[in-house]
Structures are given as C-alpha cells and as structure tokens.
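Student: predicted model, plus sequence, below.
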Amino acid sequence: MAIETTDVHFSYGAVKALDGVTVSVGDGAVGLLGPNGAGKSTLLRILLGFLTPDRGEGKVLDLDIRRARHEIRRLVGYMPEDDSFIAGMDSVTFVSFFGELAGMPRREAMKRAHDVLFFVGLGEERYRLIETYSAGMRQRLKLAQAVVHDPKLLFLDEPTSNLDPRGRVEVLELIREIMRSGNIQVLISSHILADIENLCSSVVILNKGRIAAQGSLDTLRVLNYSLYELRIKGDAAPFRLRLEAGGSRIEETEDGILKVFMPPGRDRKEIFQAALEAGVQIRLFRPSRTSLEDMFARAVGVD
Amino acid sequence: MDVGTEVREKGYTGWEGRLIQRRFKWSPIARTGIQLAFRKKRFKPLFAISFLPAFFFLVGIYVAERLEDFRAFFREANSFIAVDPGFFRAYYSNGSIILFILLVLAFAGSGLIADDLKNNSLQLYFSRPLRKKDYILGKLAVPAFFVSLLTFVPGLLFIIFKLIFSGSFRFITEYPWLPLAVVGQSVLYIGFFGLYTLSLSAASRNSRYVMVLVVLVYFFSEILSGILKLIFRSPYTGLFSLGGNLNQITAVFFSQKTPYAFSPVWSFLVLSILAVAGFIFLFRKIRGVEVIK
C-alpha cells in the first residue's frame, strides 16, 4: 500500500479537522475529494509530517508517519496549493535548489532541473526570475520542483486551481504524462471533480473530517447506486412518487430525461412496475454511468 | 512561445541517480542565501565600502611600524597609534564597523525568513528531509558569512600584517592569546548579529520593513539607554543598550577596561537571554504550515 492510515484524528484547537480517518490507498492515481474544510489538506500535511496526528497511526510507502518523516520526504514530491517560490531566483536555480535539498548531488540536481523544466514547458524561460512568471507558469514550476528528485509518490494539492482552461488542460496532460511513466504514484487533492475523474482510478472522499467513501471509481459506482436514464409519456408525478418511495433519487434534465439513481440491491424491474402502476409509458430506457459528481454529491450529502 | 506544444514534445523521464545523505543539510540553504544577497541591487558596492574601516586600521598598523617615515604627520604618534589589544578593541567597538555590519545585514539578511514567509516557501523547504535546525542553521550561516568577513578576517589580517610589518614575532609572544580573542570576538558578533537579524526577519513578512528594523532597533536601544542614564544616572542603564553590552564583553576579550562600571557578567547574561529568546522565537515561528489553533 502506498498510503495507509488508521483512525487518524487531528484538531485545530476546538475544531476537529480529521475524525477517525482510516484510508488505504494502493497503486495508481488516487483522487482526494471533499468540500472546503473537509480535511483534505490536513490529511496531506499529516502524511508529509508537517502535522502530527492527535491520535491514530499511518504509513506512507511503508514508512511510519510519526517516526520516519524525513525518510518519507525523501521519497515523496509535494506540489502545494498556494503560490510558493523564492524571491530573486530564476527557475533553474529554484528547481535544482530543491533537488539538492531532497538529497541530489549538486551537479545532478542542476542537470535534472533543466530536464524537468523542459518537461513542464518552461525550458525557454528557465533563466527568468520567478517573480515575473504568470500564474500558469508558476503552477508548472511547482510541479517541476515536486518531481525533480523523481519521487516514488507525488502529492498534488489542487494542481489546477487558478488556471485558465488552456493552462488546466496542459497541467493535466503533464500529470498524465508523469503517471504514464509508471514509476510514480500520484495522490491528487482537488475540488474539481472533472480533473479527478479524468486522471484517477480511485478516490477517497472526505466530508467533515470523516471518510465519506473510498475505493476504485468503478466499484464505487456499482456499490453506491445504479443509474438509468428514461423518457416517459404521461404524468410523471405519480411515477416519481412510486420510485422515490422505493428509495430511488430522481433528477430531470433540461431535455426531459429522467435520471433514476437506484440504491444498491434494487432491481430495475421496479422502474417498469412503477410505470405500470402510474399508467405512464416508457419511451426510452438506458443504463448510464454515475458521474463522479453524482457520487460526490451523494457521499457528502448535497444535491 | 507556444508553451502547449512544448509540453507535449518533451516526455517525463525518471532520474537514475541515488539520493545522498548530506552531512550538512543546511549547506545548500547557506550557499543560496549568500548568492542571492550578491544579486541584490546596490549590495556589492555597500559590501565593498564596509571594508573601509578595516582598511584604515590596516593603514594604521603600517603607519605605526613606519613611524619614522610619518613623524611629520603624527607628533604624538606613540600614544596615537599603538598596535596592542586596545587597537583591536578599538576596531571591534568602532561605531562605523557596527554601522556597516548592520547595513550589510539589513541588505543581505532582512529577507532571509521574511521572504520565505511572504512567498509561502517554508512548506517547500519542509517537504524535503530538513529539520527546523537545518533550516535555521542554513539561514544563520548567511549573516555569519558576512559578519565573519567583517570581523574575523580583518582581525586575523591585523595580526598577520603586524607581524609582517614589524618583521618579528615579538607581538605574538607578548599577546599569545590575541588570536583567540579575535576568534571569540568574531563568534560573539556572528552569534549576536546572526540571531538578531534572523529574529527580526522572522517577525514580519515584509523584508523592507525588516530592513529598517535591523538598523533602527539597534540604535533605539542606544537611545533608550541614554535616556535612562539621564533619568537614573546609573551605569546599569547600559544593560539596555545592545552596543553597550557588546562593548562590555569586547573589553573583556581584549583585557581592557570595561566602558560601564558593572560586571561584564551582567552583559553576558543579557545577551544570553536575548539569544535564547531569539532561538525560541525562531523555532516557534518557523513551521512547514501555518497552524492557527
């Protein structure tokens, strides 16, 4: 397991940020989801050893988060959410500096800094002062410093925040490229669900400091509910009432399609039964995939 | 530039090397801090000018050894330029050298931590295998470097040039403890001014503000001590002056009469308390993430 935590608690004074978080994250890219204040950044900071949990245990790459913080940091790359740089430095010095601090020999760090800056698309701008960079360039620079020492595990905290659509696509492509190399596991904390859905094979959803759901996206989709799309002819109200009484959630799209979210264990035949009883005709019926947005909304309890 | 195209042209490749365990993990921080200081506008000329007091004192040593040549200029030369421990004390407690140390540190040291706080870079440092002490030592090495160039190096050069100009070892046999006094004095200045600069730098996110503070706080303590002396007429008011306390200890290092009529132990205690307070402040202020409890 890349990351394992058991019953981790952490409070900022009276405010509970994490309340018994037990996570098990395996191979591949993992998305860390949750609304603002859910505890995502706190969990990342605990995994990096910035914060010590009040209670509970954890391991990152089989290293104890309390006892082997420095070993963990050698093997992990971290791209923080905030704008972070050193004033008065050009980007090649900046990246090689953090490579050196990670334990790379000086010359190798400088050589590698050039390589990763070309990888993130800042090769031509590598001798420019960082203060003069745009927000998108600084975002890519943060990614470059995170991968300069070729970590085994990469923590990305909101990697596409504050980016324009083009910049977002570029950063996502870079992350995908890093994942394709096969040597680096990635944990992405983001509130942009589409990014997580694009990149990750599994997710951990946090809500109010607790785990709301975790597992592979495919499994969670099956476990949480089945989704069907249908178009009906007739009075939808009694039909909807019957389905909702059976525990299903129904949404109507702008073009009149009903999305029926059936809870686990229910049979789709119930939809036809409800239609029969309500006296409506089903003109279209197709199974659909639950989007991450649907799953997230359900996990954190919002519509 | 078409950045998007460039991104797709270069793929990610791993690094084949091995990470090393540095003995001095703080050394890259120190080196980078010194390099960044020299990149600052107007720093190089200021740093060059700050060697003027040392240069004048070196000239003094030369003049003292060639008195016959300069007799016309210095009628009372024997008492005017005597190269002895008092000469060294005069250099180290000279107002101009203190002013230059403060100015150099204001330029080179004000942003050491303030800029890291402002630009959120502490989290990048501490996402690496660094301890707080590595970070603080790395940052402390920057003022230490500049202060040692203005204190230790001139002190050493004074001894060497005195020996060269006099052509004998008599001076060192008369004062065999002088090199140690120079080392002790330099360590005192390095420790005091290093912690002083770092503590002020950690007190604010605005390096310009810190720059002003580095000079002002020192001279404010002198003014405060002066005012208190006028009111209370006690020598102990000297304890409120940072420079006064340093001068007390400098006098001890060079076996000279202390400027204040109280035991230098009190000055040592005051500076030690300030040093401990500075360390505690730094260790509390520096953390990978801002935690508001």
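Tutor: Ah, there it is.
Student: from now on I want contacts and neighbour counts done on CA atoms only, so please keep to that.
Tutor: OK.
Student: in chain B, which helix is the longest?
Tutor: Ranked by residue count under DSSP state H, the longest helix found in chain B is helix B:132-166.
Student: which parts of it are buried?
Tutor: Buried residues in helix B:132-166, counted by 16 or more other C-alpha atoms under 10 Å in any protein chain shown: B:132-152, B:154-155, B:158-159, B:162-163, B:166.
Student: would you mind pulling up the elements that it packs against?
Tutor: The contact analysis (3 or more C-alpha pairs under 8 Å, 6 or more residues apart in numbering or on different chains; DSSP states H and E) places helix B:132-166 against helix B:27-38, helix B:52-65, helix B:95-109, helix B:170-174, helix B:178-202.
Student: how about stretch B:198-213 and chain A, touching?
Tutor: No - counting by C-alpha under 8 Å from any C-alpha of the partner chain, chain A has no neighbours in stretch B:198-213; the shortest distance is 10.8 Å.
Student: and for that stretch, what are the contacting residues?
Tutor: For stretch B:198-213, the surrounding residues in contact (C-alpha atoms under 8 Å, 6 or more residues apart in numbering or on different chains) are B:106-107, B:109-118, B:139-140, B:214, B:278-279, B:281-282, B:285-286.
Student: relative to the whole chain's centre, how far out is that stretch?
Tutor: Computed by C-alpha atoms, centre = their mean, to the nearest Å, the chain-centroid distance of stretch B:198-213 equals 16 Å.
Student: let's have the helices and strands packed on helix B:132-166 in CSV, adding mean neighbour count.
Tutor: Below are those laid out as CSV (neighbours: other C-alpha atoms under 10 Å in any protein chain shown):
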stretch, mean neighbour count
helix B:27-38, 19
helix B:52-65, 18
helix B:95-109, 22
helix B:170-174, 12
helix B:178-202, 22
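Student: would you list the ones you listed in TSV and tack on mean pLDDT?
Tutor: Shown next, in TSV, are the helices and strands packed on helix B:132-166 (pLDDT from 0 to 100):
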stretch	mean pLDDT
helix B:27-38	96
helix B:52-65	91
helix B:95-109	95
helix B:170-174	91
helix B:178-202	96
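Student: closest one to B:Gln256 among those?
Tutor: Counting by C-alpha to C-alpha, B:Gln256 lies closest to helix B:178-202 out of the helices and strands packed on helix B:132-166; the figure is 11.8 Å.
Student: which ones are touching the closest residue to chain A within the stretch 101-250 of chain B?
Tutor: Residue nearest to chain A within the stretch 101-250 of chain B: B:Pro129 (4.4 Å; C-alpha to the nearest C-alpha). B:Pro129 makes contacts with A:Arg69, A:His70, A:Glu71, A:Ile72, A:Arg73, A:Arg74, A:Leu101, A:Ala102, as judged by C-alpha under 8 Å, 6+ apart.
Student: right, and the first one touches A:Leu48 too?
Tutor: It refers to A:Arg69. Yes - counting by C-alpha atoms under 8 Å, A:Arg69 does reach A:Leu48; the two are 6.9 Å apart.
Student: ok, B:Arg22 to A:Glu251 distance?
Tutor: 60 Å (C-alpha to C-alpha, to the nearest Å).
Student: quick one: contacts for residue 18?
Tutor: Just going to use chain A. Counting by C-alpha under 8 Å, 6+ apart, A:Leu18 has contacts A:Val8, A:His9, A:Phe10, A:Ser11, A:Gly39, A:Thr42, A:Leu43, A:Lys208, A:Gly209, A:Arg210.
Student: my bad, chain B
Tutor: The neighbourhood of B:Arg18, defined by C-alpha under 8 Å, 6+ apart, consists of A:Met104.
Student: do you know the pLDDT at it?
Tutor: Note on B:Arg18: pLDDT of 92.
Student: please apply the same query to A:Val302.
Tutor: Reported pLDDT for A:Val302: 52.
Student: and B:Leu271, by the same measure?
Tutor: For B:Leu271, the predicted pLDDT is 96.
Student: list the buried residues in the helix or strand hosting it.
Tutor: B:Leu271 is located in helix B:264-285, with elements delineated by DSSP states H and E. Across helix B:264-285, burial judged by 16+ other C-alpha under 10 Å covers B:Pro264, B:Ser267, B:Phe268, B:Leu271, B:Leu274, B:Ala275, B:Gly278, B:Phe279, B:Phe281, B:Leu282.
Student: that one packs against which elements?
Tutor: Helix B:264-285 makes packing contacts with helix B:178-202, helix B:242-253 when contacts are defined by 3+ C-alpha pairs under 8 Å, 6+ apart.
Student: wait, A:Ile3 touches A:Val60, no?
Tutor: Yes - counting by C-alpha under 8 Å, A:Ile3 does reach A:Val60; the two are 4.6 Å apart.
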